[in-house]
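In: I would like to see how this sequence folds:
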Amino acid sequence: MRRDVFQAIADPTRRAIIQMISKQSLNLNAVADNFDISRPAISKHIKILTECGLIVIRQEGRERYCEAKLKKLNEVSKWVEQYEDFWNKKLDALENYLTVVQTKKKGNVKRKITNR
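Out: Coordinates of the predicted model:
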């Protein structure tokens, strides 16, 4: 099965694993100790992250260490950037609309007070 970086970050456990090993390399047991799920489940998450290219497993003696390779997250960043301009324009338009509505409300309140 072909996996991509979007599949990797879709799961909160995998995002937590990425965050953990981005700070330092950890062996598989150290990674598993941080979660309340089975070691086979952690191994499955690690396998998916490896297939997506976000981590590599380095053998050191009898231990296997997970190292983050976060360059692949650039794909996500580029995808998000496509929509950044779109959403900025929409949010700016909303802000302008709300400013107009608030200004009109203030004007109506002032007229009501002065008409009394």
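In: drop to CA atoms for contacts and neighbour counts, all remaining ones
Out: Noted.
In: Low-confidence ranges, this protein, go.
Out: Where the chain drops to pLDDT under 70, the residues are 1-2, 108-116.
In: does residue 82 count as helix, strand or coil?
Out: helix (DSSP: H, G, I helix; E, B strand; the rest coil).
In: Run a quick neighbour tally on it.
Out: When neighbours are counted by other CA atoms under 10 Å, residue 82 registers 10.
In: Kindly provide the distance from it to residue 88.
Out: Shown here: residue 82 relative to residue 88, a distance of 11 Å by CA to CA, to the nearest Å.
In: got it, and residue 26?
Out: 39 Å.
In: Looking only at neighbour counts, state which of the two leads.
Out: Using other CA under 10 Å, the more surrounded residue of residue 26 and residue 88 is residue 26, with 21 against 11.
In: what residues are up against the more buried one?
Out: Contact analysis of residue 26 by CA atoms under 8 Å, 6 or more residues apart in numbering lists 65, 66, 67.
In: Please name the nearest non-neighbouring residue to the first one.
Out: Once flanking residues are discounted, residue 65 sits nearest to residue 27: 4.0 Å by CA to CA, 6 or more residues apart in numbering.
In: go on, residue 55?
Out: residue 68 (4.4 Å).
In: Phi and psi next, for that neighbour.
Out: When quoted as degrees, to the nearest 10, the phi and psi of residue 68 stand at phi -80, psi 140.
In: now residue 62
Out: phi -90, psi -10.
In: What separation is there between it and residue 29?
Out: Residue 62 is 12 Å from residue 29, by CA to CA.
In: more neighbours, the two?
Out: Legend: neighbour count by other CA under 10 Å for residue 62 and residue 29, higher for residue 29 (14 against 6).
In: for that one, helix, strand, or coil?
Out: Once three-state DSSP is applied, residue 29 turns out helix.
In: who touches it in this structure?
Out: residue 39.
In: got it, and residue 56?
Out: 50, 66, 67, 68, 69.
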